[in-house]
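Asker: Take a look and give me a structure for this.
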Amino acid sequence: MKVLRLFLPLAAILLASTAAAQAQTVSQARGSTWATYDVVLPYGLHVRQVKDGGSFVTLEDGSIYEVRMPQRPVASGWQPGTFVVLTSIRAPVSNFDILLSHGDSDRVEARLAGRQRPPDQE
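Answerer: Next up, the predicted model:
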């Protein structure tokens, strides 16, 4: 009984710390040199601005994404206010590790290029 009383609080602390660390987990596949990072992304955001013919997309939170070259024509068609879903790509090409999706067919691979200050909330 005493062992159980000691074990339960310890187990609760361990589970809480494991859950908190999941967002910062770095794991490597067996025999692979790739490190994958679990980043918590928002489900989706609205486009604030598209620049340089679809090369850069700025979202409503101020994050700026560089779009991979072959998909820039897709991003160039997005207008301010377009809602895009953000998803992590598990096998990124040249560090383009985020998929921005609008609908079923408008998808672009992107990477975080920087951040602007979000507009003031009024």
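Asker: Quick one: the helices in the chain, in order.
Answerer: Taking DSSP state H as the criterion, the chain carries its helices at 2-21, 72-76.
Asker: which of those helices has the lowest average pLDDT?
Answerer: When the helices of the chain are compared by mean pLDDT, helix 2-21 comes last with a mean of 51.
Asker: which residue ranges form the strands in the chain?
Answerer: Remark: strands assigned in the chain by DSSP state E are 26-28, 35-37, 44-51, 56-59, 63-67, 83-93, 96-102, 106-115.
Asker: any chance of the ones you listed in JSON lines, plus mean pLDDT?
Answerer: Formatted as JSON lines, the strands of the chain follow (pLDDT from 0 to 100):
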{"stretch": "strand 26-28", "mean pLDDT": "44"}
{"stretch": "strand 35-37", "mean pLDDT": "53"}
{"stretch": "strand 44-51", "mean pLDDT": "94"}
{"stretch": "strand 56-59", "mean pLDDT": "95"}
{"stretch": "strand 63-67", "mean pLDDT": "95"}
{"stretch": "strand 83-93", "mean pLDDT": "90"}
{"stretch": "strand 96-102", "mean pLDDT": "92"}
{"stretch": "strand 106-115", "mean pLDDT": "93"}
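Asker: of all those strands, which lies closest to Gly77?
Answerer: Among the strands of the chain, strand 106-115 comes nearest to Gly77, with 7.4 Å by C-beta to C-beta. All C-beta atoms are positioned from the backbone trio N, CA, C, and that covers glycine.
Asker: The closest one versus strand 63-67: what angle between them?
Answerer: Interaxial angle of strand 106-115 relative to strand 63-67 (axes from the mean of the first three to the mean of the last three C-alpha atoms, to 10 degrees): 130 degrees.
Asker: And strand 106-115, what's buried?
Answerer: Neighbour-count burial for strand 106-115, counted by 16 or more other C-beta atoms under 10 Å, picks out 107-111.
Asker: pull the CA atoms of that strand into PDB?
Answerer: Extracted in PDB, the C-alpha atoms of strand 106-115 (Å, rounded to 0.1, in the frame of the first residue of the first chain):
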ATOM      1  CA  ASP A 106      -4.500  24.500 -53.700                       C
ATOM      2  CA  ARG A 107      -1.500  23.200 -51.700                       C
ATOM      3  CA  VAL A 108       2.000  24.600 -51.400                       C
ATOM      4  CA  GLU A 109       5.100  23.500 -49.500                       C
ATOM      5  CA  ALA A 110       6.600  26.400 -47.400                       C
ATOM      6  CA  ARG A 111       9.100  27.200 -44.700                       C
ATOM      7  CA  LEU A 112       9.000  29.900 -42.100                       C
ATOM      8  CA  ALA A 113      11.000  32.800 -43.300                       C
ATOM      9  CA  GLY A 114      10.300  35.300 -40.500                       C
ATOM     10  CA  ARG A 115       7.700  37.200 -38.500                       C
END
